[in-house]
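Asker: Return atomic coordinates for the entry below.
(2 chains)
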Amino acid sequence: MQHPTTERLIDYIHAALAPQDDAAVHMHLDECSECRQEHAVQIRLSEMLRADAAAHERELPPMLKAQIWNAVRSLEPTAMDRVRAWLRPAYSVPVAAALIVAAFVAPGYLHHNASGAPSIDAAYYLQDHAAMNGATPFGDHSGSAAAQFEETSNVDQTVLHAVPVVGMARVSR
Amino acid sequence: MFHASKTFALGLGLLVLGAAPSDQPPGPDADGLLHLSMLAPTRLSYVGRLESVQFGGSKSEATIYRIEHRAPNLTRRWYLAPQSLFGDWSLTRGSTAYNVDVKRKRIYVSTNKVLDDQVALDDNFGLLTSNYRVLPAPPQTVAGRVTIALLLINKYTGQIAMRLWIDKETKLVLQKESYSSNGAVTRQLRFDEIRYTADLPAPVFQPPNLPGFTMGKGATHHAPSNDLLSVVKAAGFSAGFPKYLPDGFLPVAGDVSDIKSIRNLHLLYSDGIRTLSLYENALGAAVDLSRFRTQQVHFQDYTGDFVQDGSTTLLAWHDEGLHFALVGELSRAELVKIASSVAK
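Answerer: All right, here's what the predicted structure looks like:
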């Protein structure tokens, strides 16, 4: 397939193409990085125009809503912010004193923690629980979208007993 | 002393009898519509754009993606937001998902066998109609389509747990809102655009084979067993069970797995919409919460750690050599009440 024109890409973004043409452009975008870049540019431009047009509407456009929620999320204090807060003079002196005392009197306790008792990442439990919702009507089974693009936290898992037994817990309706 | 067999027998008894906890008969038309809408994605193909928001106590996550779905179980999602996912896409073929990270040139392959478990889905639908009253709500237009709105109301508490907007013509769910026990919205899913089509070509849904991309291992989830007594026996240790569960919840499944050579028992409870997982091990393996913001919780003689991740909550604690993690879509107070009742 030849590179789609800009007009054709815009129609694709707005789902205005015939199904066959839509699929053809979709497949081409998979293979052509140049067109993917153009596609990304058009999406951004489209969203900007949409945001501008929607400025007087009562409902916020979805992209803006997403940006707001993500901005809210980013307002959470980072680990560095918390460290800075603790380094304020009101805290730093007693904290430093406490650390010195702890290092002197309790090296065994600190060593024990650092040596790493066995533990299981909480993310494993959260992901596993979300996956179980796959069999719940209207359930959300994928959890966080971002988590799907991360290396797994259960690579060391071996399932010993997980074979469904048909007919044991059927519900009569 | 609590005996697992009593709870399981009671649970299975209720399931088999299909006992309705309310005197009010279920609405057959509304239940039928609900069942049709649950199965709609298995018979409808469509393209569109979806917006999903998870509201949490301290953070929220909004995701927007373009979706192409070919019935019964081929789905492709192309992420537009958040910015960190822009351009990434995922392909789901039944229980296998290929998640393509375009920026890092990685493809993560994950499997979730739970998605193939039609028996469990049917069982849970039975639980749902036993525990929730389905009532019609005022119709609304979603993505330019006329919808029928349904409220799912908990028969015990009278609270709305979910609201669905179902396409009047096709019966596909076009918008969904889930609510917490205090009435706050916890999740929202909504089509901004949708176009039904029967012409999505199968090659679009072939597993990705992209030059220069490396494969990464995503999560693997197996379908749990509903033979709970055998599961508990396979754990090989004297497990703890909750004496208290919120009204309508029953034990529905479980599994035993070794994680980093640590044997874990997992028991799953459900009321048809909400689920609750209890994980436990007897090898002293605590829950690593270093990646999460935690709150300390004191109950009975225990000190636990509470985490809220979006609308999902987790409570971790230990007692007499057993380490527990309770995960669900329940409030902190509800988790603490359940945890307080856990006994061998």
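
Asker: Kindly provide the whole-number mean pLDDT of the helix or strand hosting A:Arg36.
Answerer: Secondary structure assignment for A:Arg36, by DSSP states H and E: helix A:33-53. The average pLDDT within helix A:33-53 is 76.

Asker: can you pull the buried residues of it?
Answerer: Buried residues in helix A:33-53, counting neighbours by 16 or more other Cβ atoms under 10 Å in any protein chain shown, are found at A:Cys35, A:Glu38, A:His39, A:Gln42, A:Ile43, A:Glu47. In this view, the C-beta of every residue, glycine as well, is placed from N, C-alpha and C.

Asker: What residues does the residue lying closest to B:Val102 once chain neighbours are set aside make contact with?
Answerer: Distances taken as Cβ to Cβ, 6 or more residues apart in numbering or on different chains put B:Gly87 closest to B:Val102, at 4.7 Å, once the chain neighbours are dropped. By Cβ atoms under 8 Å, 6 or more residues apart in numbering or on different chains, the contact set of B:Gly87 is A:Arg36, A:Ala40, B:Tyr79, B:Val102, B:Lys103.

Asker: Farthest-apart pair in those residues, please.
Answerer: Spatial extent of the contacts of B:Gly87 (Cβ to Cβ) is set by the pair A:Arg36 and B:Tyr79 at 13.4 Å.

Asker: quick one: secondary structure of B:Met215?
Answerer: Per DSSP: H, G, I helix; E, B strand; the rest coil, the secondary structure class of B:Met215 is strand.

Asker: what would the contacts of B:Gly87 look like in JSON lines with distance to B:Ile64?
Answerer: JSON lines is the format used below for those (distance: Cβ to Cβ, whole Å):
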{"residue": "A:Arg36", "distance to B:Ile64": "18"}
{"residue": "A:Ala40", "distance to B:Ile64": "14"}
{"residue": "B:Tyr79", "distance to B:Ile64": "7"}
{"residue": "B:Val102", "distance to B:Ile64": "16"}
{"residue": "B:Lys103", "distance to B:Ile64": "17"}
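
Asker: which one of these is nearest A:Arg8?
Answerer: Of the contacts of B:Gly87, the one sitting nearest to A:Arg8 (Cβ to Cβ) turns out to be A:Arg36, at 14.3 Å.

Asker: Residue of chain B nearest chain A, please.
Answerer: Using Cβ to the nearest Cβ, the single residue of chain B nearest to chain A is B:Gly126, 2.5 Å away.

Asker: How many residues are close by that residue?
Answerer: By the measure other Cβ atoms under 10 Å in any protein chain shown, the count of residues near B:Gly126 is 19.

Asker: Just confirm it is within a helix.
Answerer: Yes - using three-state DSSP, the assignment for B:Gly126 is a helix.

Asker: Identify the residues contacting B:Thr214.
Answerer: Applying Cβ under 8 Å, 6+ apart, we find B:Thr214 in contact with B:Lys105, B:Arg106, B:Ile107.

Asker: Please list the members of those that lie in helices.
Answerer: Among the contacts of B:Thr214, none falls in helices (DSSP state H).

Asker: Can you list the low-confidence ranges for the chain?
Answerer: Looking at chain A here, since you left the chain open. A:15, A:46-47, A:50-117, A:141-144, A:151-173 (pLDDT under 70).

Asker: I was after chain B.
Answerer: Low-confidence segments of chain B (pLDDT under 70): B:1-28, B:57-58.

Asker: Geometric centre of it: which residue is closest?
Answerer: Centroid check for chain B by Cα atoms, centre = their mean gives B:Thr275 as the closest residue, at 6.7 Å.

Asker: how far away is it from B:His266?
Answerer: 12 Å (Cβ to Cβ, to the nearest Å).

Asker: and stretch B:327-342, how far apart are its ends?
Answerer: Stretch B:327-342 has an end-to-end distance of 14 Å (Cα to Cα, to the nearest Å).
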